[in-house]
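**Student:** I would like to see how this sequence folds:
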Amino acid sequence: MSERSRREFLCATGGTVAPTVLALNQSSQREDRGDWTVVETPTQRTLHDVADTTTGAFAVGSNGLVLERGDDGWSVVTDAGPTGNGNNLSSAATTTDGQRLWMAGASGVVGEYDPEADALTSRSAPDGVTNTFTDVAVTGPAGDATVYLVDSSGHVHRSEANGREGTWTHTTPGSGAEIAAITVVGTTGFLVDQNGSLFETTDGETWTSVDATAFDETLHDVELRASETVVLAGASGTVAIGSGGEWEQESAANDALNDVEVGDCGCVHAVGASGTVLHRRGHGTPPLRTLARAFDWWTRASPIEENLNAVALGDPHVAVGASGTILEREH
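**Tutor:** Next up is the predicted model:
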């Protein structure tokens, strides 16, 4: 869930955010095939995340699987992960310049992949931590990145030295509930946990609770862009977008949403259960302004029935999910 891909978003900064919710109904949704194509893949394993690098898209999944999209389609980089132990990989992110792919998952597994050199380096068990990492976020360039890991015990692990041993700090923003997702741009970031709590940092180190009491929702993802707006996706198909202390909340789908992305144009993309793919046009304006002034409809595509876990915006856009499913859509 990457500064360049999964973690390029928007965020409501400047202290506690008090949500003003605009409840909108489902009638603004329409069905569309969305020009998504199911492509052939070399696996039946579940794919949990996808990220876009300068050399193309990469997907990560069960038992340490890493796939790369090349000119001839998708191929296997490794089927056993950074350590060779086959630990599940749950998340992927890229450096700001798109030249490195970071991945993380079960039993403390962490890896850094250099696509140009075809070199996979294990950064696993930072400071001996072997918790299940649920998400990873990365800022900064290849070789000099700041890496954030969040885990199933509610901890945030941070290294300002490209994940090298002995450079990690560890904190617990909330009550110890599993953290579902984290997103960071510069030193500004947000995370959500399984209690539905939202936390914010403006220095990359100290996390404070954001007042989101108006949201009765289990949150699955959070994204940022341009330090203006925060976007949340939830278990009941809700998308909430906040900026400047105000929030818009809409029941955008009938199924759980697992991942959400915002493009440079302000368009919003989300994927989830039962093959759900959502899109809202951006019109080239900032995301919150777009939704406030042009809140016409969500376009929903359901090209497959398999659950989708993540989407990356690139050329092409890529969505991944259960049973090795990969969808592509030309940008």
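
**Student:** parallel or antiparallel, list what pairs with the helix or strand Glu200 falls within.
**Tutor:** Using DSSP states H and E, Glu200 sits in strand 198-201. Here strand 198-201 is paired, per DSSP bridges, with strand 188-193 (antiparallel), strand 208-210 (antiparallel).

**Student:** pick the most deeply packed of those strands.
**Tutor:** strand 188-193 (a mean of 26; mean count of other C-beta atoms under 10 Å). The way it works is simple: take the backbone N, C-alpha and C, and place the C-beta from them, glycine included.

**Student:** need the phi and psi values for Gly64.
**Tutor:** When quoted as degrees, to the nearest 10, the phi and psi of Gly64 stand at phi 80, psi 20.

**Student:** contacting residues for it?
**Tutor:** With contact taken as C-beta atoms under 8 Å, 6 or more residues apart in numbering, Gly64 is in contact with 78-89, 105, 109.

**Student:** out of the residues you listed, which are inside strands?
**Tutor:** Thr78, Leu89, Gly105 (DSSP state E).

**Student:** of the residues you listed, which is the nearest to His279?
**Tutor:** For the ones in strands among the contacts of Gly64, the residue nearest His279 by C-beta to C-beta is Leu89; the value is 26.6 Å.

**Student:** okay, now the closest one: neighbour count?
**Tutor:** By the measure other C-beta atoms under 10 Å, the count of residues near Leu89 is 29.

**Student:** that one reaches Asp49, doesn't it?
**Tutor:** Yes. Using C-beta atoms under 8 Å, Leu89 is in contact with Asp49, at 7.5 Å.

**Student:** pLDDT score assigned to the residue lying closest to Thr202 once chain neighbours are set aside?
**Tutor:** Spatial nearest neighbour of Thr202, excluding adjacent residues (C-beta to C-beta, 6 or more residues apart in numbering): Thr188 at 5.5 Å. Listed pLDDT for Thr188 reads 92.
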